[in-house]
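Chemist: One predicted model, sequence on top.
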Amino acid sequence: MSVRMDLAPLMKLGAVIDEWVLKQWGARYRRYARREYVENSRGGGLWAPLHPSTIQRRRKGQGSGPVAAILWDTGTIIAALDFKFQRKPGQLQDYLRARGVGGRAKFEGVRVGFGGPGRHPVAKRPVAMLAEAHHSGLGNLPERPIITKPDTATLDGMGNDVERRWRTIVRRTR
């Protein structure tokens, strides 16, 4: 599961796309993805509702209490979308370095999502594997997209991150 965006217009700024900007972008994207996850898990988004047998199983011993949120049994998958990258199980953040560029490190972008060996506490499988299964609707699971193209507000914020970094660099060179 991945989202690719054309960063060519921003790459023209070259030196401004540094690790600081990428950290901001990673946090900003995870905030967006987490917001979407919460909305979808509560039934307010694009995800299919829980199957009645799943709802019944979750209510067992709890009378007719509130319906459990979608993909939120243990909170492990949503924890991997925490805006702060802390290497939680399933959290992924990689900086993509430009190839063939000498001198100071140049970056192409940041990869954010699910990865690593971190396992789900109940399913005992890698969190990334479970997230992919739900995202893509593998097997009998309905498709519940988790990693999606960011909204306009998130993209605008990413542009603002570059501008803020540019201003900081200009101030330091005066």
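Modeler: The structure has been received and is ready for your questions.
Chemist: mind checking which helix or strand of the chain has the lowest mean pLDDT?
Modeler: helix 8-11 (a mean of 60; mean pLDDT, DSSP states H and E).
Chemist: C-terminal to that one, what's the next element?
Modeler: Heading C-terminal from helix 8-11, the first helix or strand you meet, by DSSP states H and E, is helix 19-41.
Chemist: Can you give me the buried ones in that next one?
Modeler: Going by neighbour count (16 or more other C-beta atoms under 10 Å), the buried part of helix 19-41 is 21-34, 36-37, 40-41. Where you see a C-beta, it was placed from the backbone N, CA and C, and this is true even at glycine.
Chemist: which helices and strands does that helix pack with?
Modeler: For helix 19-41, the packing partners by 3 or more C-beta pairs under 8 Å, 6 or more residues apart in numbering; DSSP states H and E come out as helix 76-79, strand 91-97, strand 107-114, helix 152-172.
Chemist: what residues does the second one touch?
Modeler: To tie it back to what came earlier, the one meant is strand 91-97. Contact with strand 91-97 is made by 19, 22, 26, 80, 82, 85, 105-116, 118, 128, as judged by C-beta atoms under 8 Å, 6 or more residues apart in numbering.
Chemist: who does that strand pair up with?
Modeler: strand 107-114 (antiparallel) (DSSP bridges).
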